[in-house]
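K.L.:
Can you look at this prediction? I've put the sequence above it.
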Amino acid sequence: MWEQSKAAKRRFGIGAFHNRYFVGHGIDVGGKPDPLGQYSAIFPRMLSARTWDIEDGDAQFMAGVADNQYDFLHASHCLEHMVNVKEALSNWLRIIKPGGFIIITIPDEDLYEMGNWPSRFNPDHKWTFTIMKRESWSPKSINVVDLLRDFAGQLEIEKIELLRDFYRDAWQAENIDQTRTPVAECSIEIILRKTAA
């Protein structure tokens, strides 16, 4: 819960979010009820962050959003709900200006789902994610490194990071959804830059 706000607090101390990633006009895909735009005063070079949610249309297609429109796209815990992850990422890339950034946060399958599929904590999850491993326990696992390899030439990888701030390993045996706590993150953060035209 409130994963974007947890991330905003962590990101506040990272200069690149102030001076590189959250700069200009952005779109926050799947942003409700915790939109990025509420922190525009915290990231002062963020001129705007339009919230795009279910009432605006399917985030997989971003229909009606012009190509090369936004300086950055933010999606906190949205990609795992897409029917076709590659198509969603392709459309997210489409609406970002060359040189613009895509900032994605997704749950890590081992820290969040903890070996359970379908997800016990969010039945709408259509996929699980891992940064990179040879084999997954999940029948719906997406290896982030393999996914991004398919976009070589269209994007550059700025960062892939496993986030486990305030994660309690001892709670795993009890299958506790640690995202329900006000502090724990158990996700993967991906920052991508669209290559210049």
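P.N.:
Received the coordinates, thanks.

K.L.:
Number of residues surrounding the nearest residue to Gln172 once chain neighbours are set aside?
P.N.:
Counting by Cβ to Cβ, 6 or more residues apart in numbering, Gln172 lies nearest to Met114, which is 5.8 Å off, once chain neighbours are set aside. For the C-beta atoms, the positions are set from N, CA and C on the backbone; glycine is no exception. Other residues near Met114 come to 21 when the count uses other Cβ atoms under 10 Å.

K.L.:
If you rank every helix and strand of the chain by mean pLDDT, what lands last?
P.N.:
helix 3-11 (a mean of 95; mean pLDDT, DSSP states H and E).

K.L.:
now for it, which elements pack on it?
P.N.:
Judged by 3 or more Cβ pairs under 8 Å, 6 or more residues apart in numbering; DSSP states H and E, helix 3-11 is in contact with strand 70-76, strand 96-107.

K.L.:
Quick check: which ranges of the protein have low pLDDT?
P.N.:
For the chain, applying pLDDT under 70 flags the ranges 197.

K.L.:
can you do 80?
P.N.:
The chain contains residues with pLDDT under 80 at 1, 197.

K.L.:
Can you show me the strands along this protein?
P.N.:
24-29, 46-52, 70-76, 96-107, 128-130, 141-143, 155-163, 187-194 (DSSP state E).

K.L.:
Surely Leu73 touches Val29?
P.N.:
Yes - using Cβ atoms under 8 Å, Leu73 makes contact with Val29 at a distance of 6.2 Å.

K.L.:
list residues touching both of these two?
P.N.:
Trp92 (Cβ atoms under 8 Å, 6 or more residues apart in numbering).

K.L.:
hang on, the earlier thing: just send the strands of the chain back as TSV, with mean neighbour count and distance to Phe17 too.
P.N.:
Below are these laid out as TSV (neighbours: other Cβ atoms under 10 Å; distance: least, Cβ to Cβ, whole Å):
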stretch	mean neighbour count	distance to Phe17
strand 24-29	23	12
strand 46-52	19	9
strand 70-76	25	10
strand 96-107	21	8
strand 128-130	24	21
strand 141-143	17	25
strand 155-163	15	11
strand 187-194	22	9
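
K.L.:
right, so of the ones you listed, which gets closest to Pro35?
P.N.:
strand 46-52 (4.4 Å; Cβ to Cβ).

K.L.:
what about that closest one, distance to the chain center?
P.N.:
In terms of Cα atoms, centre = their mean, to the nearest Å, the centre of strand 46-52 is found 15 Å from the chain centre.

K.L.:
just stretch 23-43 next, same as before
P.N.:
With Cα atoms, centre = their mean, you get 13 Å for stretch 23-43.

K.L.:
Alright, calling it a day.
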